[in-house]
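Asker: next input, structure requested:
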Amino acid sequence: MMNVTLLCVGRLREEYFSAACKEYEKRLKGFCRFETVIIEPERLPAEPSEKEILSALKKEGEELLKKIPAGAFVTALCVEGKQFSSEKLARLLEELPSRGCGNVAFIIGSSFGLSEEVKNAAQLRLSMSEMTFPHQLARVMLTEQLYRSFAIINNRKYHK
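Answerer: From the prediction side, this is the model:
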């Protein structure tokens, strides 16, 4: 069974986002060993400078890199990443074990993104969409897409 780790900067503040993630995490347990690891975001002033943002991203990145499971296939969620269909993500997850990757890690940064070090450590940079969504929604969207991918792999009716 594949190990899937979701590394995130910051906690979900809205109960409805948290409830949605918990539901998909529960559903994922039937397909993989799923774990969410949260690191605390760096504190920034209300209107941070570019230098302050880069410093925070670097510190958050150092913590994220420490939490990546050994040998994991790492995917960084970032706006400049590639966009995948649900089917393409499912195919990737399905083929990783045959490439010797039983561990997969997805990384979601803060609302300011991820450090270049984290992006460079990733084998894949993934973008959810060209559209802009609330930052906390990214976690819900990713857990739903992971569930959908495993449903596709296992020929379940969920995916239409």
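Asker: switch to C-alpha atoms for all contacts and neighbour counts from now on
Answerer: OK.
Asker: which residues in this structure form strands?
Answerer: For the chain, applying DSSP state E gives strands covering 3-9, 33-39, 73-82, 103-108, 124-126.
Asker: flag every buried residue along the second one.
Answerer: In other words, strand 33-39. By 16 or more other C-alpha atoms under 10 Å, the buried positions in strand 33-39 come out as Phe34, Ile38, Ile39.
Asker: next one: the longest one
Answerer: Within strand 73-82, the residues scored as buried using 16+ other C-alpha under 10 Å are Phe73, Val74, Thr75, Ala76, Leu77, Cys78, Val79, Gly81.
Asker: so can I have a markdown table of the residues you listed showing distance to Phe150 and pLDDT?
Answerer: Formatted as a markdown table, those follow (distance: C-alpha to C-alpha, whole Å; pLDDT from 0 to 100):
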| residue | distance to Phe150 | pLDDT |
| --- | --- | --- |
| Phe73 | 17 | 98 |
| Val74 | 18 | 98 |
| Thr75 | 17 | 98 |
| Ala76 | 19 | 98 |
| Leu77 | 19 | 97 |
| Cys78 | 22 | 95 |
| Val79 | 24 | 92 |
| Gly81 | 22 | 96 |
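Asker: gap between the most centrally placed residue in the chain and Glu15?
Answerer: The residue lying closest to the centre of the chain (C-alpha atoms, centre = their mean) is Phe106, at 3.4 Å. Separation of Phe106 from Glu15 (C-alpha to C-alpha, to the nearest Å): 22 Å.
Asker: go through the strands of the chain and name the closest to Pro48.
Answerer: Nearest to Pro48 among the strands of the chain is strand 3-9; the distance by C-alpha to C-alpha comes to 17.4 Å.
Asker: show me what the closest one is packed up against.
Answerer: Contacts defined by 3 or more C-alpha pairs under 8 Å, 6 or more residues apart in numbering; DSSP states H and E place strand 3-9 against strand 33-39, helix 50-67, strand 103-108.
Asker: note down every partner strand of it and its orientation.
Answerer: strand 33-39 (parallel), strand 103-108 (parallel) (DSSP bridges).
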